[in-house]
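Colleague: after the sequence you'll find the predicted model.
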Amino acid sequence: MLKNGSFSEGWDDLPPAPGFLINQQPKGWILNWVEPNESLFGAGDAARGVPECIHKLADQLPPNEQLGAEKALILVGDTTFKIFHANSAFGAQLSQTVTGLKPGSQATLTVPVLAIVYDDPDPFGAESGVWVNGEGEWVNSGRMGNRQWYKHKLTFDVPDDGTAVIDIRVKSKWMRPKDFFIDGITLKATADSTPPPVIADPPEQPPVQPPTETAVDTVKVQVPDGVKVVTAVSNEPNTVVIVLPPDLKADIQ
Ligand SMILES: [Ca+2]
C-alpha cells in the first residue's frame, strides 16, 4: 500500500544541487527535478533553476498555517512537503510504486496540492498533475486557485501485475516566485488477498500438557530431638525457606 502519504516519516538528504542546495527526499518516495535548460516534462518551456524541495514542520509555520487552521499548509500530522523557487522556472516530481494491489479492482488516489502563485497573472504560470501508470493530466493554477488545496483525484483499474506507479509533478513556467505544498495523499485500494505459497508444513509438536496444580496447605518437617523450631510467615507463595545452623544438614523428602 501507499507509504508516507503524510510526509511524517522522515527523509533522506540528497547530494547538493547547484548553490549548495540540499533537497529532502521523503521516505517511501523518489524525488527528482528537471535539470536547468531541460524541457519541463516535454513542454516547450524549459527549467531555469533547481527548486528547493523540503519538509516544513508545524513549528516553522505561523499558527494560521498549521494543521486545522484557516490557511493550513499541513493537512495531516505535523509536516508538509514544499517545492518552491523565488525567481526561476522549475519542475519537480515525487514518485512511488505501490505493489500488491488486487488485479482488476478499482482504486482511488487523492493528492492534495496547494499552489501559491503570488502576483503571476498567467493561469498557466504554475501547474500540477498526477499520473498513475502513465495516465493523468496537468491542472493549471487558473483551476487550482491561489493558496487553495486542490485535490487531484484519480480512479483507476489495477492492472494484472497489481502495481500502481504514481507520479506527482509540479512546474513553474516563468522567472517568478512559486510555492507548491503537497500533503495528505491517500490511496483507497484493495490489497491482493492471494495467500503466499506454503513452503513446508511445520513439524508436528506433541501437545503441551498444562502443569497440574495441587492445593498445598501443609509442609511436613521432621526435627531431631533437642532442636528448636522457629516458624515465620513469608509473602512468597509456594516457597519454604529452611534456615540451618552450620552443624546441621537438610534432608528434603
Ligand atoms: Ca503531513
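Modeller: Arrived safely.
Colleague: count of neighbours near Ala46?
Modeller: Around Ala46 there are 15 other residues, counting by other Cβ atoms under 10 Å. Every C-beta, even on glycine, is put in place using the N, C-alpha and C of the backbone.
Colleague: how far away is it from the ion?
Modeller: For Ala46, the distance to the ion equals 31 Å [Cβ to the ion, to the nearest Å].
Colleague: that residue contacts Gly91, doesn't it?
Modeller: No. Checked against Cβ atoms under 8 Å, the pair Ala46 and Gly91 is beyond contact range at 9.2 Å.
Colleague: which residues do those two both contact?
Modeller: In terms of Cβ atoms under 8 Å, 6 or more residues apart in numbering, Ala46 and Gly91 are both contacted by the residues Leu40.
Colleague: so who does Pro112 touch?
Modeller: Pro112 sits next to 75, 149-152, 182-185 when contact means Cβ under 8 Å, 6+ apart.
Colleague: go back to those residues and keep what's next to the ion.
Modeller: Among the contacts of Pro112, the ones lying close to the ion by the criterion of Cβ under 5 Å from the ion are Asp183.
Colleague: using a markdown table, lay out the contacts of Pro112 together with secondary structure.
Modeller: Listed next are the contacts of Pro112 as a markdown table, based on DSSP: H, G, I helix; E, B strand; the rest coil:
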| residue | secondary structure |
| --- | --- |
| Leu75 | coil |
| Trp149 | strand |
| Tyr150 | strand |
| Lys151 | strand |
| His152 | strand |
| Ile182 | strand |
| Asp183 | coil |
| Gly184 | coil |
| Ile185 | coil |
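Colleague: distance of the closest residue to Ala107 other than its chain neighbours from Ser128?
Modeller: The spatial neighbour of Ala107 that comes closest, neighbours along the chain excluded (Cβ to Cβ, 6 or more residues apart in numbering), is Ala189 at 3.6 Å. In this view, Ala189 and Ser128 are 22 Å apart by Cβ to Cβ, to the nearest Å.
Colleague: ok, Val241 next?
Modeller: Remark: distance between Val241 and Ser128 (Cβ to Cβ) = 76 Å.
Colleague: surely Asp45 meets Val34?
Modeller: No. At 10.0 Å, Asp45 does not count as touching Val34 under the criterion of Cβ under 8 Å.
Colleague: now do the same for Val50: its pLDDT.
Modeller: On the pLDDT scale, Val50 is placed at 97.
Colleague: can you report how many residues lie near it?
Modeller: Using other Cβ under 10 Å, Val50 is surrounded by 20 other residues.
Colleague: cool, and Leu61?
Modeller: Once other Cβ under 10 Å is used to define contacts, Leu61 is seen to have 19 neighbours.
Colleague: my guess is it contacts Asp78, does it?
Modeller: No. With contact defined as Cβ under 8 Å, Leu61 does not count as touching Asp78 (9.9 Å).
Colleague: chain center to stretch 210-228, what's the gap?
Modeller: The chain centre lies 60 Å from the centre of stretch 210-228; the measure is Cα atoms, centre = their mean, to the nearest Å.
Colleague: could you check that stretch and say which residues are buried?
Modeller: Buried residues in stretch 210-228, counted by 16 or more other Cβ atoms under 10 Å: none are found.
Colleague: check what contacts it and list those residues.
Modeller: 229, 238, 240, 248, 253.
Colleague: what about whichever residue of the stretch 151-253 of the chain sits closest to the ion, distance to Ser39?
Modeller: Across the stretch 151-253 of the chain, the shortest distance to the ion (Cβ to the ion) belongs to Asp183, at 4.3 Å. Asp183 sits 28 Å away from Ser39, going by Cβ to Cβ.
Colleague: how long is stretch 8-19 from one end to the other?
Modeller: The separation between the terminal residues of stretch 8-19, taken as Cα to Cα, to the nearest Å, is 27 Å.
Colleague: tell me the mean pLDDT over that stretch?
Modeller: For stretch 8-19, mean pLDDT is 93.
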